[in-house]
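[1] Sequence and computational prediction follow.
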Amino acid sequence: MARRVTETVSAAAATVVVVAVPEAAGAAWAGAIFNHAGNLALLNCTLTANTATGGDTIIGQGGSGYGGAIFNLNGSVTVAFSTLASNAVAVGTATGSGVDGGADGGAIYALAYNGAASTGSTLASVTLANSILANSNISGGNDL
């Protein structure tokens, strides 16, 4: 079971101040924090060594890993005076006749997806100020 720190849902607001999140392991979406249509603010935080890994399969496509530290779905994330370092995303592998999944967003992954139907929003925003995103382990993707 994933050790996710917080999940914000349905336009809720959360502010996380001075927190350290070491070595959590998540499923395919978010190693530490999953923000769904919420307003998340991280101030003076450190998120390190979190992982979002897609599941493995024998037939079909392996799962995808997105958002090593944070996955933002149809929400707003502000990160200030914080460090997101050494987080990872990894593809789920497929053996046999399957294909591997994808991976992206070693530190943060933001997605605006069909939000109007469920949350009234089709936007996903990320604002970074005086923060560090570093040393993410990404198989074929980007830090942000």
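    Everything's here; your move. Numbering: from 1, shown residues only.
[2] the bottom helix or strand of the chain by mean pLDDT?
    One helix or strand of the chain scores below all others by mean pLDDT, DSSP states H and E: strand 25-26, with a mean of 31.
[3] Helices of the protein, start to end?
    115-118 (DSSP state H).
[4] can you tell me which residues contact Tyr113?
    73-74, 124 (C-beta atoms under 8 Å, 6 or more residues apart in numbering). Yep, even glycine has a C-beta here, placed from its N, CA and C like the rest.
[5] what's the distance between it and Thr46?
    Taking C-beta to C-beta, to the nearest Å as the measure, Tyr113 falls 29 Å from Thr46.
[6] And Gly106, by the same measure?
    15 Å.
[7] Tell me which of these two has more neighbours.
    Applying other C-beta atoms under 10 Å to Gly106 and Thr46 shows that Gly106 carries more neighbours, namely 33 against 16.
[8] On the pLDDT front, check the closest residue to the more buried one other than its chain neighbours for me.
    With sequence-adjacent residues excluded and distances taken as C-beta to C-beta, 6 or more residues apart in numbering, Gly106 is closest to Ser136, at 2.6 Å. For Ser136, the pLDDT comes out at 87.
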